[in-house]
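Q: Provided below are the primary sequence and the corresponding predicted coordinates.
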Amino acid sequence: YKLHLKTNSDITMCSITREHQNGREFERIVYPNKTFSQNEVIENTINDNIRDYLWNKLYKKELFDGVSFPNGKIYEDVLTLYRLYSKANHLTSTDQVLYHYVNRENSIVNSSSGKKVKLLYDAYTKKLNDIETNYPQFSSQCRYQRIIHEINYFIELSKDKKIDFANLKVQIKKLKGNCI
């Protein structure tokens with residue numbers, strides 16, 4: 001909070017740990033002590049160097065003017081955060097770990113289903129398509145990340161016993177189109 005006031009950034013982000021319910025850490029994400037420009041934030045969110053987590057950031061309330069969370073969607077952070085980045089002039093990060101995310105076994109995020117994987121894929125696809133439209137200078141990075149998300153989607157689908165092969169064929173054709 002003090003850094004947020006001191007830098008007057010539109011968004012301030014802290015480093016995080018992700019922990020199991022027993023308190024054992026399984027991931028630590030440490031961001032640099034840095035102020036990012038809007039373009040740097042957009043590029044870093046495309047490449048997943050700045051994660052699509054709403055919960056490790058402080059925001060100026062004005063950023064939410066005209067931006068709302070989609071109703072009835074999971075992965076609402078993916079569908080909303082890049083829109084806030086597009087309105088922010090600066091994001092300041094700190095290397096201090098100030099947020100401990102507890103990964104609960106029975107949470108929505110940890111439930112696995114083909115439908116949930118598809119919703120995540122759709123959220124990232126929308127995010128990347130919108131960024132590519134509004135920031136054409138990042139077009140190649142968006143195309144590359146869409147391919148990565150499509151490959152991950154196919155891998156997750158292959159784990160599901162009820163694969164919709166007709167849909168899979170359509171998706172592979174789309175992937176082929178993205179590679180050109």
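A: Received, thanks. Owing to the predicted nature of the structure, the values given are computational and were not obtained by experimental measurement. Numbering: from 1, shown residues only.
Q: sketch out the low-pLDDT regions of the protein for me.
A: In the predicted model of the chain, residues 108-114, 160-169, 171-180 satisfy pLDDT under 70.
Q: now the strands for it?
A: 11-20, 25-29, 34-37, 57-59, 90-103 (DSSP state E).
Q: got the angle between the second one and strand 90-103?
A: Here strand 25-29 runs at an angle of 180 degrees relative to strand 90-103 (axes from the mean of the first three to the mean of the last three CA atoms, to 10 degrees).
Q: which strands or helices does strand 25-29 pack on?
A: Contacts defined by 3 or more CB pairs under 8 Å, 6 or more residues apart in numbering; DSSP states H and E place strand 25-29 against strand 11-20. Heads up, the C-betas are built off the backbone N, CA and C, glycines and all.
Q: if I look at the residue nearest to residue 92 when sequence neighbours are not counted, how far off is residue 63?
A: Counting by CB to CB, 6 or more residues apart in numbering, residue 9 is the residue found nearest to residue 92 once chain neighbours are left out, at 4.0 Å. Distance, residue 9 to residue 63, using CB to CB, to the nearest Å: 11 Å.
Q: common neighbours of those two, please.
A: Applying CB atoms under 8 Å, 6 or more residues apart in numbering, one finds that residue 9 and residue 63 are jointly contacted by residue 88.
Q: quick one on the thing from earlier: residue 76 is nearest to which of the strands of the chain?
A: Set against residue 76 and scored by CB to CB, these come closest in strand 57-59, at 14.5 Å.
Q: show me where the chain has helices.
A: Per DSSP state H, the chain carries helices over the ranges 2-7, 38-46, 76-87, 114-134, 139-159, 165-179.
Q: how about residue 123, what does it touch?
A: Contacts for residue 123 (CB under 8 Å, 6+ apart) come out as 73, 75, 78, 79.
Q: greatest separation within those: which pair is it?
A: So, the contacts of residue 123 by CB to CB: farthest apart are 73 and 78, at 9.2 Å.
Q: who has more neighbours out of these two?
A: More crowded of residue 73 and residue 78, by other CB atoms under 10 Å: residue 78, with 22 against 14.
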